[in-house]
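A.B. asks: What follows is a predicted protein model with its sequence.
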Amino acid sequence: MNINIKATNIELTSEIHDYVLSKLDRLDKFTKDTSITGYVEIGRTTNHHKQGDIFKAEFDVNVAGERFFTLAETEDLFTAIDSAKEDLVRRITHSKDRKQTLFKRGAKSVKKMLKGISKRNPFTSKY
């Protein structure tokens, strides 16, 4: 796992760095043999808010050749990191489930064609 972490308008402490890495370590269960590379940016959005600080967490991650990006803005830094990680996990699982569904659908179509049940060619989508 190769992750670059950048902090804007805040100091990147070891506590924040370890927290981000611990959240991203859990992404390994979605990938089998591929490595995860990415870029994480955390920090305050601006310095001039009147009602308090607004923190953001941006995750830009490459998993198995696919790029996933998510952004979360909340009033707490750790909450922003958590919600960005949850959105990233949702996007990765959606992509993985979609690939599996399309593969199974294609395999069923080929099986029907080979059995002679269907005359439709799954490769050209024509009868």
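C.D. replies: Everything's here; your move. Numbers count the residues shown, from 1 in each chain.
A.B. asks: and His17, how many neighbours?
C.D. replies: Neighbour count for His17, taken as other CB atoms under 10 Å: 15. Yep, even glycine has a C-beta here, placed from its N, CA and C like the rest.
A.B. asks: hang on, Ile10 in a helix?
C.D. replies: No - according to DSSP: H, G, I helix; E, B strand; the rest coil, the state of Ile10 is coil, so it is not within a helix.
A.B. asks: So Ala80 is in contact with Glu86, correct?
C.D. replies: No - if you go by CB atoms under 8 Å, Ala80 and Glu86 don't touch, sitting 11.0 Å apart.
A.B. asks: Give me the more crowded residue out of those two.
C.D. replies: A side-by-side neighbour count of Ala80 and Glu86, using other CB under 10 Å, places Ala80 first with 21 against 13.
A.B. asks: residues of the helix or strand of the chain with the lowest mean pLDDT that come out buried?
C.D. replies: None of the helices or strands of the chain scores lower by mean pLDDT, DSSP states H and E than helix 77-115, at a mean of 87. In terms of neighbour count (16 or more other CB atoms under 10 Å), helix 77-115 has its buried residues at 77-78, 80-85, 87-89, 91-92, 109.
A.B. asks: tell me what that helix is packed against?
C.D. replies: Where contact means 3 or more CB pairs under 8 Å, 6 or more residues apart in numbering; DSSP states H and E, helix 77-115 is packed against helix 14-25, strand 36-44, strand 55-63, strand 66-74.
A.B. asks: redo that, cut-off 6 Å
C.D. replies: Applying 3 or more CB pairs under 6 Å, 6 or more residues apart in numbering; DSSP states H and E, one finds that helix 77-115 contacts strand 55-63, strand 66-74.
A.B. asks: from the chain's centre, how far out does that helix sit?
C.D. replies: Helix 77-115 sits 11 Å away from the centroid of its parent chain (CA atoms, centre = their mean, to the nearest Å).
A.B. asks: could you check the angle strand 55-63 makes with it?
C.D. replies: Counting by axes from the mean of the first three to the mean of the last three CA atoms, to 10 degrees, helix 77-115 lies at 30 degrees to strand 55-63.
A.B. asks: Great, nothing more from me.
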